[in-house]
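Enquirer: coordinates for the following, if possible.
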Amino acid sequence: QVQLVESGGGLVQAGGSLRISCAASGRTFSRLAVGWFRRTPGKEREFVAAISWSGGSTDYADSAKGRFTISRDNAKNTVYLQLNSLKPEDTAVYYCAARSGSYYSTKGDEYTYWGQGTQVTVSS
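Expert: Residues are numbered from 1 along each chain as shown. Prediction:
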């Protein structure tokens with residue numbers, strides 16, 4: 001079993017930055033691939049970014065490329081998502097998710113473990 005806890009969300013002005021974190025406990029974190037997803041009311045859950053268990057491979061949604069950076073520190077059992085140049089349309093609840101195996105997926109249904117989410121609000 002894996003428990004995931006997100007933190008670091010908040011209110012920021014457009015153009016600002018935030019770093020959100022996903023802390024894991026339970027199973028060996030270094031054997032889990034991790035993804036970040038987001039959801040806004042009335043919209044489908046959206047893939048944002050993902051990272052392989054080693055951190056050697058990453059992927060981003062087009063909306064995140066060039067602005068967001070995913071990274072991980074396996075010694076701290078934590079994955080980070082650095083959010084730069086934020087836009088009002090980035091406002092959402094951001095969730096981290098984990099799956100067994102070395103490689104990530106961009107599909108939420110392929111993740112087994114989910115956190116409770118952290119709210120990111122970007123004001124214009």
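
Enquirer: can you name the element that comes right after whichever strand or helix holds Gly35?
Expert: Using DSSP states H and E, Gly35 sits within strand 32-39. Toward the C-terminus, strand 32-39 is succeeded by strand 46-51 as the next helix or strand (DSSP H and E).

Enquirer: what is the neighbour count of the nearest residue to Phe47 once chain neighbours are set aside?
Expert: Of all residues not flanking Phe47 in the chain, Thr106 sits nearest, at 4.6 Å (Cβ to Cβ, 6 or more residues apart in numbering). In short, each C-beta sits where N, CA and C put it, glycine included. Thr106 has 14 neighbouring residues, counting by other Cβ atoms under 10 Å.

Enquirer: with Gly56 instead?
Expert: 8.

Enquirer: check Leu81 too.
Expert: For Leu81, using other Cβ under 10 Å, the count is 26.

Enquirer: can you tell me the centre-most residue of this protein?
Expert: Nearest to the mean C-alpha position of the chain, counting by Cα atoms, centre = their mean, stands Trp36 at 2.6 Å.

Enquirer: surely it meets Tyr95?
Expert: Yes. Counting by Cβ atoms under 8 Å, Trp36 does reach Tyr95; the two are 7.1 Å apart.

Enquirer: what is in contact with those two at once?
Expert: By Cβ atoms under 8 Å, 6 or more residues apart in numbering, Trp36 and Tyr95 have no common neighbours.

Enquirer: follow-up on the earlier one: check contacts around the residue nearest to the centre of the chain.
Expert: 20, 22, 48-50, 70, 79, 81, 94-97.

Enquirer: next one: Ala23
Expert: 4-7, 76-78.

Enquirer: which two of the residues you listed have the greatest separation?
Expert: Based on Cβ to Cβ, the longest span within the contacts of Ala23 runs between Glu6 and Lys76 and measures 14.6 Å.

Enquirer: between these two, which has more neighbouring residues?
Expert: Between Glu6 and Lys76, counting by other Cβ under 10 Å, Glu6 is the more crowded of the two (22 against 12).

Enquirer: the helix or strand hosting that one pairs with which strands, parallel or anti?
Expert: Secondary structure assignment for Glu6, by DSSP H and E: strand 2-7. The strands beside strand 2-7 in its sheet (DSSP bridges) come out as strand 18-26 (antiparallel).
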